[in-house]
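[1] turn this into a structure:
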Amino acid sequence: MANQYIPPKVWVMDSENGGTWASINRPEAGARHDQALPVGKHDLQLYSLATPNGQKVTIMLEELLALGVEGAEYDAHLIQIGEGDQFSSGFVAVNPNSKIPALVDTSGETPVNVFESGAILLYLAEKFGHFLPSDHVARTQVLNWLFWLQGSAPYLGGGFGHFYAYAPEKFEYPINRFTMEVKRQLDLLDKQLARQAYIAGDEYSIADMAIWPWYGNLVLGQAYDAAEFLDVDAYKHVKRWAQQIAARPAVQRGRIVNRNWGEPWELLAERHQAEDIDAVLALKPE
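    Numbering: from 1, shown residues only. Sure, this is the predicted structure:
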């Protein structure tokens, strides 16, 4: 009990005890420096990083391009969140919440800014008419799972991932608390996928694109080095689904866009044309 934390009457930020992101986290919103965003040649301008939330959108765009949707061509500009790029005046003008990804669509008379990864998936699905069923019942099921992900992923990333992988010390209580919830979520997905091929039914949709970068990467051992700790092999239906999604060419392309860490065949800081991805994937050993 001698080391028990007693909250002060009024909280004051402690920048020395924030772990990995202590240098950029602050309790205020808004721009911290003036800097315009770069603009490429396509109607769709994406500002992002290949975190799970960033991968959702680039996978969606690559899936659309794989279907031959020419209007889905895009420029993807790297936002280095560790260096505070998301707090530039240009980025805040697109997303006042200063989180990646953020999209600007200049195809119409008035540019449209879209932020929150789930909102971007929904926007693109409605704009181009793919990966979201028109049937009301089927559409509702996709949206159920899209919104489930938006509410559940913070437990995985900001909760489990933070305390298991990034916190300055290992704390038993939060690790146990968030591990319990993540395993419940994996069990939920496993039961859902035991009944059908994809998350929301028998058709691949934006629900799969939203959930795979978080939970697919987790069970494939690509997140937090936690596969053994979470016993991911116990979720055989999630693993089957994760491997199935990972094998899609558009997923393999989209997951590396705006990525600045990993193997040479995974590194693509910016994407302005299909050949940019082709050149990087060509580096992968046979």
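[2] pull the longest helix from this structure.
    helix 172-193 (DSSP state H).
[3] what secondary structure does the spatially most central residue of the chain sit in?
    Centroid check for the chain by C-alpha atoms, centre = their mean gives residue 53 as the closest residue, at 1.3 Å. What DSSP: H, G, I helix; E, B strand; the rest coil gives for residue 53 is helix.
[4] any idea how far residue 46 is from it?
    12 Å (C-beta to C-beta, to the nearest Å). All C-beta spots, glycine's among them, are computed from the backbone N, C-alpha and C.
[5] shared neighbours, these two?
    Common contacts of residue 53 and residue 46, defined by C-beta atoms under 8 Å, 6 or more residues apart in numbering, comprise residue 101.
[6] thought residue 105 was touching residue 61?
    No - the criterion here is C-beta atoms under 8 Å, and residue 105 misses it with residue 61 at 11.7 Å.
[7] overlap in contacts, the two.
    residue 44.
[8] more crowded one of the two?
    Using other C-beta atoms under 10 Å, the more surrounded residue of residue 105 and residue 61 is residue 61, with 26 against 21.
[9] how about the more buried one, what does it touch?
    44, 46, 72, 74, 124, 254.
[10] repeat that for 10 Å
    Taking C-beta atoms under 10 Å, 6 or more residues apart in numbering, we find residue 61 in contact with 44, 46, 69, 72-74, 76, 103, 120, 124, 128, 250, 253-254, 257, 271.
[11] give the next helix or strand downstream of the longest helix of the chain.
    helix 206-211 (DSSP states H and E).
[12] mean confidence score for that following helix?
    The predicted model assigns helix 206-211 a mean pLDDT of 98.
[13] same deal with stretch 92-110?
    In the prediction, stretch 92-110 has an average pLDDT of 98.
[14] report the buried residues of it.
    Counting neighbours by 16 or more other C-beta atoms under 10 Å, one finds that the buried residues in stretch 92-110 are 92, 94, 95, 98, 99, 100, 101, 102, 103, 104, 105.
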